[in-house]
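> Output the structure for:
(2 chains)
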There are 2 protein chains.
Amino acid sequence: MSSSFDPSKYPELKNLLCSIDKIPDVSDIRPETVTEKVIECNSNCPDPRLKTLLDNLTIHLHDFIRENNVTTEEWMATVHYLTDVGKKCTGSRQEFVLLSDIFGIAALVNSINNPSVNGSTVATLLGPFYTGEFHDIEEGGTIAPAEGPGEPLLVTGRILNTSGEPIPNAAIETWEADAEGLYDVQYSTYSEPDHRGRFRSNDKGEYSFRCIVPIAYAIPDDGPVGDLLIKLGRHPYRPAHLHMKIEAPPVYETLVTALYPRGDLFSKSDAVFGVKTPLIVDFELIESDEEAKAKGFKKGPFRRLDYDFTLATKEESAQAKEKLRKSMAKKA
Amino acid sequence: MSSSFDPSKYPELKNLLCSIDKIPDVSDIRPETVTEKVIECNSNCPDPRLKTLLDNLTIHLHDFIRENNVTTEEWMATVHYLTDVGKKCTGSRQEFVLLSDIFGIAALVNSINNPSVNGSTVATLLGPFYTGEFHDIEEGGTIAPAEGPGEPLLVTGRILNTSGEPIPNAAIETWEADAEGLYDVQYSTYSEPDHRGRFRSNDKGEYSFRCIVPIAYAIPDDGPVGDLLIKLGRHPYRPAHLHMKIEAPPVYETLVTALYPRGDLFSKSDAVFGVKTPLIVDFELIESDEEAKAKGFKKGPFRRLDYDFTLATKEESAQAKEKLRKSMAKKA
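As a prediction, this is how the structure comes out:
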């Protein structure tokens, strides 16, 4: 029998291809046997974690197909939908992250991997607009253009450990949408970071920066994920929030979180399931021009938020994750 | 509270956005509550089938995350993998179909939706190389270039119903890889269909066409799906096969199937789980120049295959699907 078979093309599979008769027989699959056949077929996988994950994913996806009698047309529509999601992805647009977000998968993965412990600040979603690009700013500096649109906000506070001790020199990153509800990278004219700043806590663990009061916005909804939300009868809005990422290695677990202004129309119906009540905050209104000028603003009024972030140690965090893992295994 | 909220942008969501306080509260999700929150959130979906499918998919994907304690890094790797799969898709390359194929999902969907009934020919995968583009050929005509490379093959037979009666004027499409194991669309120089033909059964239900003996080939493996197969310790080969699609509306169910030459190295380890034993066939070797010329070949030898395809009626097929559905529901 002729073929285009060329074993030399696959050095990793040399042993497999030299003993093809020993590969599990996967012919004649039936609805009730296909799952075990696929799993058998993965039995030469050299990476046990990859095999565990993909075998289990296969079981769930096959069960999904069987339980719902998914039709050929429905499955092809799914394949085409995923293709459209892929087409929408660019360097600055991650449609698969959005898809994962609206199904609560990102929120679930986040909650499993970042349990709060001993009073540490609750974590929430990194989101698709974290770019890793920031302007370095001084203590009390601003991440938003001076006198740009948006309501001025001063954020101050401390970085603490779970014993309430200050953590000096913690690396803090913060980012937010602008006064139009758009992140810098959503503009076709994007050239450098805007409404994004990086700085460190001082030797008392204190931090201080200026930005604008964040506003609610719709997640990018001009693609397949936006279309699906409409079909599901769901809105695409996220309540206003200010992202924070705080790192203090090697002792402390990195904290990725966000602060949500109280009273937002979408506080309870965040399109991506990110809101945690302990992260809802109040802004104080300060009218005084004098105080505004002292804080670096041109004039009053401005809003002020004081918020302390509490970081768990890596050890505390690992223990909390292990405890959560065991409690989930018990329920499963 | 300020926002970029613009309800007029979403006419379909008018009722929803006018009564946001009635949307289920999805804040404070926890690993054990997120699934029901997402499902609650979909409760305004106007399409019951879409809601059923996506709710059930959410349950399975969340269970997958919980059962395996998927880490943030693993989930992001998954998102990036899907993004790479999306990037590999073009008009002539469907990487998501390949992904669905290697997990046996396409084979499962196919087997659920096309059960054999009353002796009808077993169905198998359409595959990612069906283009819907064909040359119309005469009875006994060839789909492969005359005197091109590859072993000449004459395929003859009848299209029958499950009572053994001939079905005249059935629309038959056939396609195969060429002597290099590549489909026409895999060549960057592709301009028109090659090794693809369309014709009809005659008034006795007979058909006849010439092609080449198909050879085994690797599925396109220069992308994320090929990489994953290597990581899983699996080879990318499909045994040789000749695709057939036979339509005789409005009475008969369309049959999508393929014939597999006996003795192929990969008969039992098809990378995409498509082989069904009843579709494995033998080719007769005919040496006579005279007979070859009579069949339209320049000279002998050539191979010959005689195969009858049996189509179920739409009614038979619907009953078989319903029976299968009930038996699967009983097991679930």
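
> Can you give me the distance of the residue nearest to A:Pro261 when sequence neighbours are not counted to A:Phe129?
Closest residue to A:Pro261 apart from its sequence neighbours, by Cβ to Cβ, 6 or more residues apart in numbering or on different chains: A:Ala240 at 5.1 Å. Any C-beta I mention is one placed from the backbone N, CA and C, and that applies to glycine too. Separation of A:Ala240 from A:Phe129 (Cβ to Cβ, to the nearest Å): 14 Å.

> Neighbour count: those two, which is higher?
Neighbour count, other Cβ atoms under 10 Å in any protein chain shown: between A:Ala240 and A:Phe129, A:Ala240 has more, with 26 against 22.

> Skipping its backbone neighbours, what lies nearest the closest residue to chain B within the stretch 51-200 of chain A in space?
Relative to chain B, the nearest point of the stretch 51-200 of chain A is A:Gly86 (1.5 Å; Cβ to the nearest Cβ). Distance criterion Cβ to Cβ, 6+ apart; nearest residue to A:Gly86, sequence neighbours excluded, is B:Gly86 at 1.5 Å.

> where does the one you found land on pLDDT?
pLDDT recorded at B:Gly86 is 97.

> ok, it - contacts?
Under the criterion of Cβ atoms under 8 Å, 6 or more residues apart in numbering or on different chains, the neighbours of B:Gly86 are A:82-83, A:85-87, A:89, A:96, B:95-96.

> buried residues in the strand or helix carrying it?
Element membership for B:Gly86, per DSSP states H and E: helix B:72-88. Using 16 or more other Cβ atoms under 10 Å in any protein chain shown as the test for burial, helix B:72-88 gives B:74-76, B:78-79, B:81-86, B:88.

> quick check, nearest of those residues to chain A?
Nearest to chain A, judged by Cβ to the nearest Cβ, of the buried residues of helix B:72-88 is B:Gly86 at 1.5 Å.

> For stretch A:180-193, list every residue counted as buried.
A:181-186, A:193.

> Now do that stretch: distance from first to last residue.
Using Cα to Cα, to the nearest Å, the end-to-end distance of stretch A:180-193 comes to 16 Å.

> hmm, that stretch touching chain B?
Yes. Applying Cβ under 8 Å from any Cβ of the partner chain, one finds stretch A:180-193 touching chain B at A:180-182.

> Quick check: next helix or strand after the lowest-mean-pLDDT helix or strand in chain A?
Lowest by mean pLDDT, DSSP states H and E among the helices and strands of chain A is helix A:14-17, with a mean of 85. The C-terminal neighbour of helix A:14-17 among helices and strands, as given by DSSP H and E, is helix A:34-41.

> what is the orientation angle of the following helix or strand past that following helix with helix A:34-41?
Next helix or strand after helix A:34-41 toward the C-terminus (DSSP H and E): helix A:48-68. Helix A:48-68 and helix A:34-41 are oriented at 170 degrees to each other (axes from the mean of the first three to the mean of the last three Cα atoms, to 10 degrees).

> ok, A:Phe297 touching A:Pro152?
Yes. A:Phe297 lies in contact with A:Pro152 (Cβ atoms under 8 Å); the separation is 5.3 Å.

> And these two? Which one has more around it.
Between A:Phe297 and A:Pro152, counted using other Cβ under 10 Å, A:Pro152 has the larger neighbour count: 25 against 20.

> so where do the helices sit in the stretch 51-200 of chain A?
A:72-88, A:95-102, A:105-113 (DSSP state H, counting those that start in this stretch).

> Once you drop chain neighbours, what's closest to A:Gly150?
A:Gly150's closest residue in space is A:Ile212 (Cβ to Cβ, 6+ apart), at 3.1 Å.

> and the one you found, what does it touch?
A:144, A:148-153, A:176, A:178-179, A:195.

> and the residues you listed, which of them are in strands?
Of the contacts of A:Ile212, the ones assigned to strands by DSSP state E are A:152-153.

> A:Gly104: which of the contacts of A:Ile212 is nearest?
A:Glu176 (23.0 Å; Cβ to Cβ).

> Would you map out the domains in chain A?
Residue ranges for the domains of chain A, per automatic domain parsing: A:26-70, A:102-321.

> any chance of those domains in a markdown table, with mean pLDDT and distance to B:Lys326 too?
Below are those laid out as a markdown table (pLDDT from 0 to 100; distance: least, Cβ to Cβ, whole Å):
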| stretch | mean pLDDT | distance to B:Lys326 |
| --- | --- | --- |
| domain A:26-70 | 96 | 10 |
| domain A:102-321 | 96 | 30 |
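
> A:Asn202 and A:Gly140 touch, don't they?
No. A:Asn202 is beyond contact range of A:Gly140, at 10.4 Å (criterion: Cβ under 8 Å).

> show me the residues around the closest residue to A:Val109 other than its chain neighbours that make contact.
Leaving aside its chain neighbours, A:Val109 sits nearest to B:Trp75 (4.5 Å; criterion: Cβ to Cβ, 6+ apart). Contacts for B:Trp75 (Cβ under 8 Å, 6+ apart) come out as A:100, A:105-106, A:109, B:65.

> Relative to A:His60, which of the residues you listed is nearest.
Comparing the contacts of B:Trp75 against A:His60 with Cβ to Cβ places B:Ile65 closest, at 9.9 Å.

> Look at A:Glu287 and say how many residues are nearby.
By other Cβ under 10 Å, the residues close to A:Glu287 number 9.

> Pop out the phi and psi values for it.
Per-residue torsions, A:Glu287: phi -90, psi -30 (degrees, to the nearest 10).

> Report how many residues lie close to the residue nearest to it when sequence neighbours are not counted.
Of all residues beyond its chain neighbours, the one nearest A:Glu287 is A:Pro301 (4.4 Å), with distances taken as Cβ to Cβ, 6+ apart. Per other Cβ under 10 Å, the neighbour tally for A:Pro301 reads 15.

> Equivalent analysis for A:Gly104, please.
A:Gly104 has 28 neighbouring residues, counting by other Cβ under 10 Å.

> Distance of the closest residue to it other than its chain neighbours relative to A:Thr257?
In space, and not counting its chain neighbours, A:Gly104 is closest to B:Val38: 4.1 Å by Cβ to Cβ, 6+ apart. According to Cβ to Cβ, B:Val38 and A:Thr257 sit 21 Å apart.

> For these two, work out which one has more neighbours and name it.
B:Val38 (27 against 24).

> In contact with the more buried one, which residues are there?
Here B:Val38 is in contact with A:103-104, A:273, B:26, B:55, B:58, B:62 (criterion: Cβ under 8 Å, 6+ apart).

> same question, A:Leu182
A:217, B:4.

> rewinding a little: what about the least confident helix or strand of chain A and chain B, any contact?
Yes. Under the criterion of Cβ under 8 Å from any Cβ, chain B is reached by helix A:14-17 at A:16-17.

> what comes up buried for that helix?
A:16-17.

> List of residues touching that helix?
With contact meaning Cβ under 8 Å, 6+ apart, helix A:14-17 is reached by A:7, A:10, A:23, A:44, B:233-235.

> Helix, strand or coil: sort out the residue nearest to A:His241 when sequence neighbours are not counted for me.
What sits nearest to A:His241 in space, not counting adjacent residues and going by Cβ to Cβ, 6+ apart, is A:Ala258, at 4.3 Å. When classified by DSSP: H, G, I helix; E, B strand; the rest coil, A:Ala258 comes out as strand.

> Is A:Ala258 bridged to anything, and to what?
Taking DSSP bridges as the rule, A:Ala258 bridges to A:His243.

> So which bits of the stretch 201-332 of chain A are right by chain B?
Residues of the stretch 201-332 of chain A lying close to chain B by Cβ under 8 Å from any Cβ are A:213, A:215-218, A:230-237, A:240, A:261, A:263-270, A:273, A:275-277, A:324-325, A:328, A:331-332.

> just the buried members of those residues?
Among these, those scoring as buried are A:213, A:215-218, A:230-237, A:240, A:261, A:264-270, A:273, A:275-276, A:324, A:328 (criterion: 16+ other Cβ under 10 Å).

> ok so, going back, if I look at the residue nearest to A:Gly86, how far off is B:Ile172?
Taking Cβ to Cβ as the measure, B:Gly86 falls 34 Å from B:Ile172.
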